[in-house]
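> next come a sequence and a model predicted from it.
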Amino acid sequence: MTGNLKKNLGLQTIYQVLNTCLPLITAPYLARTLGAKQLGIFSYTSSIVTYFILFAMLGTVNYGTRSIAIVKDDTKKRSKVFCEIYILQMVITLIAIVSYIFYLNYHCNENIYIAKLQTISIISCLFDISWLFFGLEDFKRTVTVNFFFRVITVITILMFVDLYAIDAFRDFGRTDCIMGMRCKIYKNCKSIGK
């Protein structure tokens, strides 16, 4: 095995381990904080949007990786192939977005707010050019960027899900409890600042 192949295999292995381990951190936290009903709503809307994401990407990763790998040494051909595949990806993703909006307007009757938030996942397909870097065998860049976004995702889940839980307390009329917690936090922050 060449050194570059070993490095790429190692990076890909690290990324797959990361994809497997991070849900082990976030899933129990989300289940405990959100509860079964809210987690079920998220999972349901996520499963629906996944079909639209599959349509949006429609084999672009495999086809793009292969096509870029074939012309990776010729920058002129590579640029042409990249533009062609990326335009195709944008058109298909826009069709998927329009189809999802149609689904939201005419078929989605429940949990419409959460389903609308899931649109961000389809829109992110417009910016996914990981197939270019896979074709160029630049796994380090792809793994680093994906690692960064996975860590940011975990951090935002840990930060904002608690905000959701606080809003849930307020909705149930427990503002006195929340206000007490906020006052205590404010007092602690003031005493730290001294």
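Structure's in. What do you need? For clarity, every value in this text was computed on a predicted model and none was experimentally measured.

> if I pick residue 116, what's in contact with it?
residue 104 (Cβ atoms under 8 Å, 6 or more residues apart in numbering). The C-beta positions use only the backbone N, C-alpha and C, and glycine is treated the same way.

> what of residue 44?
Neighbouring residues of residue 44 by Cβ under 8 Å, 6+ apart: residue 111.

> which secondary structure element of this structure has the lowest mean pLDDT?
When the helices and strands of the chain are compared on mean pLDDT, DSSP states H and E, helix 175-193 comes out lowest with a mean of 36.

> remind me which residues of this protein are low pLDDT?
Low-confidence segments of the chain, defined by pLDDT under 70: 1-2, 162-194.

> break down it into its helices, ranges please.
Assigned by DSSP state H, the chain shows helices spanning 3-57, 60-70, 75-106, 112-117, 119-123, 130-135, 139-171, 175-193.

> most tightly packed of those?
A comparison of these by mean neighbour count, using mean count of other Cβ atoms under 10 Å, puts helix 130-135 on top with a mean of 21.

> from the chain's centre, how far out does that one sit?
When C-alpha coordinates are averaged (Cα atoms, centre = their mean, to the nearest Å), helix 130-135 and its chain have centres 18 Å apart.

> cool, and stretch 140-149?
13 Å.

> using PDB, write out the CA atom coordinates for that stretch.
C-alpha atoms of stretch 140-149 as PDB (Å, rounded to 0.1, in the frame of the first residue of the first chain):
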ATOM      1  CA  LYS A 140      -7.900  15.400   4.400                       C
ATOM      2  CA  ARG A 141      -9.800  18.600   3.400                       C
ATOM      3  CA  THR A 142     -13.200  16.700   3.200                       C
ATOM      4  CA  VAL A 143     -12.700  14.900   6.500                       C
ATOM      5  CA  THR A 144     -11.500  18.100   8.200                       C
ATOM      6  CA  VAL A 145     -14.500  20.200   7.000                       C
ATOM      7  CA  ASN A 146     -17.000  17.400   7.900                       C
ATOM      8  CA  PHE A 147     -15.400  16.900  11.300                       C
ATOM      9  CA  PHE A 148     -15.600  20.600  12.000                       C
ATOM     10  CA  PHE A 149     -19.300  20.700  11.000                       C
END
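
> so who does the residue nearest to the spatial centre of the chain touch?
When Cα atoms, centre = their mean is applied to the chain, the residue found nearest the centroid is residue 121 (6.3 Å). Applying Cβ under 8 Å, 6+ apart, one finds that residue 121 lies in contact with 46, 49, 53.

> how about a cut-off of 7 Å?
With Cβ atoms under 7 Å, 6 or more residues apart in numbering as the criterion, the residues that contact residue 121 are 49, 53.

> from residue 25, how far out is it?
20 Å (Cβ to Cβ, to the nearest Å).

> what's the answer for residue 92, then?
For residue 92 relative to residue 25 (Cβ to Cβ), the value is 33 Å.

> do the same with residue 141
In this structure, residue 141 lies at 25 Å from residue 25, with Cβ to Cβ as the measure.
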